[in-house]
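Colleague: one predicted model, sequence on top.
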Amino acid sequence: MSNSVVGAARLSIVGLGYVGCVSAACFAQRGFPVIGVDANPEKVEFVRRGKAPVVEELIGELTAEQVNSGRLTVSADTAAAVAATDITLVCVGTPSAPNGALSTAYLERATEQIGAALAAKDAWHVVVYRSTMVPGTCENLLIPILERTSGKRVGVDFGVCVNPEFLREGTSVRDFNEPPKTVVGQSDSRSGAMVEAIYDGLPGPRFRVPIAVAEMMKYVDNSFHALKAGFANEVGAICASLGIDSHEVMDIFLADTKLNISPAYLRPGFAFGGSCLPKDVRALTHVARRNDVEVPVLSNLLFSNEAHLRRAVEAIMRQHKRKIGIFGLSFKPGTDDLRESPLVELAERLLGKGFDVKIFDSNVNLSRLMGANRAYIEERLPHLGELLTGDLSAVAEHAEVLVIGSQDPQVSHMLSTLDDDRLVLDLVRVPEAHGRRDRLNYTGIAW
């Protein structure tokens, strides 16, 4: 059944593989005039006869319906398709090389053909890349090809967008009509608005973003999906070795939508720490080793955390400044728990390398520390009393490099009043400091 689009843009789709074929049929179903283009004459002929060149649920009947309606036509002539349409969606393959690098050969070939077609076209046209490509590919490789072959300028004479697809093979038609989100990376707002408009009426949040952000999204999504699958399988293997029903365990895990299946812990920041996470990861991987179960994902969590901590140390060392002020010491805001705090570890490493360190944390009072918390700090940072002060301004005045490990309102206010060019290394992304990110003296280790 067609969803009529009044004044619909005319679309050309280059590449009739899974993504291109599904996109062509689904956009045609939504009422858009669509011209499908492919370098393979067999695919072109297949679609011309109303047959889908891929095996996929619903796509066969949908392709036949849209070809019969006249909304979906095909051509082997890229130039003619570009000339007759307003938006060209590029859906060609980007296969992996043996070393994991991305092959852009098909993208480059399609882009050269589109650019040549744009040279002969006066009307505004938007080139939209749906192919998966690593960040920087569009701006550093494809746009220069378009400008060179067309003799025109992006954002002035034509537009470019990156519009990643989130279609799963087997359910891609349903995924097209019920997307989890729509992402449009834009060269300019006019082009972004045109591309966003072709998804009008579909559910899910929409994002208009810089091109590189859009390029990154598919990789982040798929890597996280791979991480989830690997994590679940390793949990299952450990459970099996212990005679535990892994599905019963994971049913309970999945029921927690506050911390487990949620945005929790998914904002880049500093290394994790505290009395639970490092200890429990170590314990679980120990159980796995004891039962001869290989768990490379779980086993490398602490190595990953260590690498992130090293990034902070290296960022400070690159400044060649000795006087360091650390704002925040506990592993979590609003607590004085210093056990396995990455900020304690950071301070310890800096001291070991000869830095002159002073620390402010409004929640940490050395005289009040007790039990395991006090024992830990006496072992790892025995000279804390000489480093820690309740005078925030004294730490700020001392520091040539200010390391922000807390979103304490006092620290945020101090940042807003800084009027010199000392380096601020923000480990927690203080909201009030975001306006300083374009300054050379403000940096983070994960943004």
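Modeller: That came through fine. Numbering: from 1, shown residues only.
Colleague: without its sequence neighbours, what residue ends up closest to L338?
Modeller: The shortest distance from L338 to any non-neighbouring residue, by Cβ to Cβ, 6 or more residues apart in numbering, is to I377 (5.0 Å). Yep, even glycine has a C-beta here, placed from its N, CA and C like the rest.
Colleague: tally of neighbours for the one you found?
Modeller: 22 (other Cβ atoms under 10 Å).
Colleague: use 447 as the first number for this chain going forward.
Modeller: Sounds good: first residue 447 from here, last item I823.
Colleague: give me the element it is part of.
Modeller: Assigned by DSSP states H and E, I823 falls within helix 817-826.
Colleague: how close does the residue nearest to L784 sit to T540?
Modeller: 51 Å (Cβ to Cβ, to the nearest Å).
Colleague: do S808 as well
Modeller: 50 Å.
Colleague: do E661 as well
Modeller: 11 Å.
Colleague: kindly report the same for S618.
Modeller: As judged by Cβ to Cβ, S618 and T540 stand 17 Å apart.
Colleague: repeat that for A474.
Modeller: For A474, the distance to T540 - Cβ to Cβ - is 24 Å.
Colleague: so the two - more neighbours on which side?
Modeller: A count of neighbours by other Cβ under 10 Å puts A474 above the other of A474 and T540, at 26 against 16.
Colleague: please, which helix or strand holds that one?
Modeller: Per DSSP H and E: helix 464-475 holds A474.
Colleague: look at N679 and report its pLDDT.
Modeller: On pLDDT, N679 comes in at 94.
Colleague: point me to the helix or strand that includes it.
Modeller: If you go by DSSP H and E, N679 is part of helix 657-688.
Colleague: tell me the helix or strand right after that helix.
Modeller: helix 692-701.
Colleague: that following helix to helix 657-688, inter-axis angle?
Modeller: 140 degrees (axes from the mean of the first three to the mean of the last three Cα atoms, to 10 degrees).
Colleague: now do the same contact list for E791.
Modeller: 717, 719, 755, 826 (Cβ atoms under 8 Å, 6 or more residues apart in numbering).
Colleague: of these, which one scores lowest on pLDDT?
Modeller: R826 (71).
Colleague: now do stretch 762-777: distance from first to last residue.
Modeller: One end of stretch 762-777 to the other measures 20 Å (Cα to Cα, to the nearest Å).
Colleague: also stretch 514-533?
Modeller: 22 Å.
Colleague: again with stretch 641-660
Modeller: Start and end residues of stretch 641-660 are separated by 13 Å (Cα to Cα).
Colleague: now stretch 711-727
Modeller: 15 Å.
Colleague: still on that earlier bit, let me have the contacts of E791 in TSV, adding secondary structure as columns.
Modeller: Shown next, in TSV, are these (DSSP: H, G, I helix; E, B strand; the rest coil):
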residue	secondary structure
A717	coil
G719	coil
L755	helix
R826	helix
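Colleague: which among these gets closest to V876?
Modeller: A717 (17.1 Å; Cβ to Cβ).
Colleague: the closest one - how many residues pack around it?
Modeller: 24.
Colleague: and the closest residue to it other than its chain neighbours, how far is that from L587?
Modeller: The spatial neighbour of A717 that comes closest, neighbours along the chain excluded (Cβ to Cβ, 6+ apart), is P788 at 3.8 Å. Distance from P788 to L587, counting by Cβ to Cβ: 38 Å.
Colleague: same deal with G836?
Modeller: 54 Å.
Colleague: so the two - more neighbours on which side?
Modeller: L587 (14 against 11).
Colleague: which residues touch the more buried one?
Modeller: 550, 553-554.
Colleague: can you select the buried ones among those for me in ChimeraX?
Modeller: Burial among the contacts of L587 is assessed by 16 or more other Cβ atoms under 10 Å; the matching ChimeraX selection reads:
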select :550,553
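Colleague: in helices, which of the contacts of L587 appear?
Modeller: Among the contacts of L587, DSSP state H puts 553-554 in helices.
Colleague: and L744, that's in a helix?
Modeller: Yes: residue state for L744 (three-state DSSP) corresponds to a helix.
Colleague: give me the number of residues near it?
Modeller: 20.
Colleague: returning to what we had before: helix or strand next in line after the helix holding A474, which one?
Modeller: strand 480-483.
Colleague: now that following strand: mean pLDDT?
Modeller: Average pLDDT, strand 480-483: 96.
Colleague: which residues sit against stretch 856-876?
Modeller: Contacts for stretch 856-876 (Cβ under 8 Å, 6+ apart): 713-716, 758, 761-762, 765, 767, 773-774, 789, 806, 808, 838-839, 842, 845-853, 877-879, 882, 886-893.
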